[in-house]
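1. A structural model of the following input is requested.
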Amino acid sequence: MSELTEVDGTIVFERSPYGNIDAIVDSDGRTVYFYLNGDEAFGTRACWVQNLEAGPLVLNHQELQAGRPPMLSRLHTVDALKHEKPIAEDLQVVWFAEGNGAALMEKGEAVAVIPPWSGLDGFHGYAKNCAAENEICWPMPNTEALTERISASQTFWQDWENGALFQQIQPALLNLYEKHFGVNQKYFSIDGGHFPTRGLGLFERDDRLVLATVGMSLCPMPNVELHHEFPRMHRRIELAVALERTANEELLEQVAKRMSGIASMPWRRWIWFGERHTCDWLAGSETPIAELRRDAAIDIQLPEVQGDPVHLLWLVPKTEKPDPKAN
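-> From the prediction side, this is the model:
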């Protein structure tokens, strides 16, 4: 986590551990807002935190349409007399483990949350000082689910900082892969020296070579919860590909490089991989895409991560792109 800073109208600026979203707490002298600002695919998401002066009786839609952060109306405010500007030292950004949502904490209490479903159906975020649903924020949910998620995220980052997560899973996965795929001939670091730590193993047996990722499952994939009622059953994976035993060094290098790119894709493009999903494979080859399947080679039971099951998905190169009109 980067150090929080306060400059000009910006009270907090912090880049996510994945390096592709900025968390910003900004004041224009009238209001305080919490922002998550990412690339074009993610966009900018905003949630009101508090007014710094008496708010209007109703929301000023002209300000909203003009792109100026509107003040929340007094009718929608829990404490309409709370006008103190928060200070950076009292604030902390807690990133969700998937990287596409965050909570703004003030002295250990959540004052605003921008979850992964921000931007859908007129919803932007939750605010502690919001009393009723409106166009710029919703009240903080009175449930344990959000509190537990914030707490779990804090634990997730603490485990990463002390190195416990990767140190535990790396030897366990390598031993399991050797048992099923053959001797571990090479091990590559595929994280480029950036978070999260991740590797790729090359395994050899008489009839084939296998390349398999190590550590991809430590980070839950983003946006699975937008497609599955029980995201914990689908959000963690490792990837593998089986090659002919006669594959040369040039092909192995190409495949390893491509797997490295695919392994980071969910957190760069805000997508997730599941059974029968497809992705670009080796450009310029006879197999331009690959399909992900659980039953393509050896279906083995991978160790759980933080209580979640982990699925091994095999990349199966395909010679033709699927018909986009097909179901």
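
2. from what I can see residue 194 touches residue 17, true?
-> No. Checked against C-beta atoms under 8 Å, the pair residue 194 and residue 17 is beyond contact range at 9.4 Å. (Each C-beta comes from the backbone N, C-alpha and C, glycine too.)

3. now do the phi/psi pair for residue 144.
-> Phi and psi for residue 144, reported as degrees, to the nearest 10, are phi -80, psi -20.

4. can you count the residues close to it?
-> By the measure other C-beta atoms under 10 Å, the count of residues near residue 144 is 9.

5. oh, and call the first residue 49 from now on, that's how I've got it
-> With the count now opening at 49, the last piece we talked about shows up as residue 192.

6. model confidence for it, exactly?
-> At residue 192, the model reports a pLDDT of 93.

7. ok, now which ones touch residue 125?
-> By C-beta atoms under 8 Å, 6 or more residues apart in numbering, the contact set of residue 125 is 99, 103, 177-179.

8. can you lay out those as TSV showing pLDDT, neighbour count and distance to residue 188?
-> Below are these laid out as TSV (pLDDT from 0 to 100; neighbours: other C-beta atoms under 10 Å; distance: C-beta to C-beta, whole Å):
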residue	pLDDT	neighbour count	distance to residue 188
99	96	23	17
103	93	23	18
177	97	21	9
178	98	23	7
179	97	16	10
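
9. who's more crowded, residue 242 and residue 65?
-> A count of neighbours by other C-beta under 10 Å puts residue 65 above the other of residue 242 and residue 65, at 21 against 11.

10. contacting residues for the nearest residue to the more buried one once chain neighbours are set aside?
-> Closest residue to residue 65 apart from its sequence neighbours, by C-beta to C-beta, 6 or more residues apart in numbering: residue 243 at 5.0 Å. Residue 243 makes contact with 65-67, 208, according to C-beta under 8 Å, 6+ apart.

11. could you measure from residue 243 over to residue 276?
-> 26 Å (C-beta to C-beta, to the nearest Å).

12. report the buried members of the contacts of residue 243.
-> 65-66, 208 (16 or more other C-beta atoms under 10 Å).

13. residues touching the spatially most central residue of the chain, list them.
-> For the chain, the residue sitting closest to the mean C-alpha position, by C-alpha atoms, centre = their mean, is residue 146 at 2.6 Å. Taking C-beta under 8 Å, 6+ apart, we find residue 146 in contact with 164, 267-271, 283, 315.

14. same thing but at 7 Å, please
-> 164, 268-270 (C-beta atoms under 7 Å, 6 or more residues apart in numbering).

15. picking up where we left off before, the residue nearest to residue 65 in helix, strand or coil?
-> coil (DSSP: H, G, I helix; E, B strand; the rest coil).

16. quick one: it from residue 230, how far?
-> When residue 243 is compared with residue 230 (using C-beta to C-beta), they lie 30 Å apart.

17. same question for residue 185.
-> Per C-beta to C-beta, residue 185 is found 55 Å from residue 230.

18. what do you get for residue 341?
-> Distance from residue 341 to residue 230, by C-beta to C-beta: 20 Å.

19. pick out whichever of these two has more residues nearby.
-> residue 230 (18 against 15).

20. next one: phi and psi at the more buried one?
-> phi 110, psi -170.

21. how about it: what's its closest non-neighbour residue?
-> Nearest to residue 230 is residue 253, by C-beta to C-beta, 6+ apart, at 3.1 Å.

22. okay, and the helix or strand of this structure with the least pLDDT?
-> helix 109-114 (a mean of 86; mean pLDDT, DSSP states H and E).

23. what are the contacting residues of it?
-> 118, 183.

24. with just CA atoms, put stretch 153-161 into CSV.
-> Taking C-alpha atoms only, stretch 153-161 is exported to CSV below (Å, rounded to 0.1, in the frame of the first residue of the first chain):
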residue,chain,number,x,y,z
MET,A,153,-12.1,4.1,6.1
GLU,A,154,-12.0,7.0,8.6
LYS,A,155,-10.5,6.0,11.9
GLY,A,156,-11.2,2.4,11.2
GLU,A,157,-14.9,2.9,10.1
ALA,A,158,-16.1,2.7,6.5
VAL,A,159,-17.4,6.1,5.4
ALA,A,160,-17.7,5.3,1.7
VAL,A,161,-17.6,2.1,-0.4
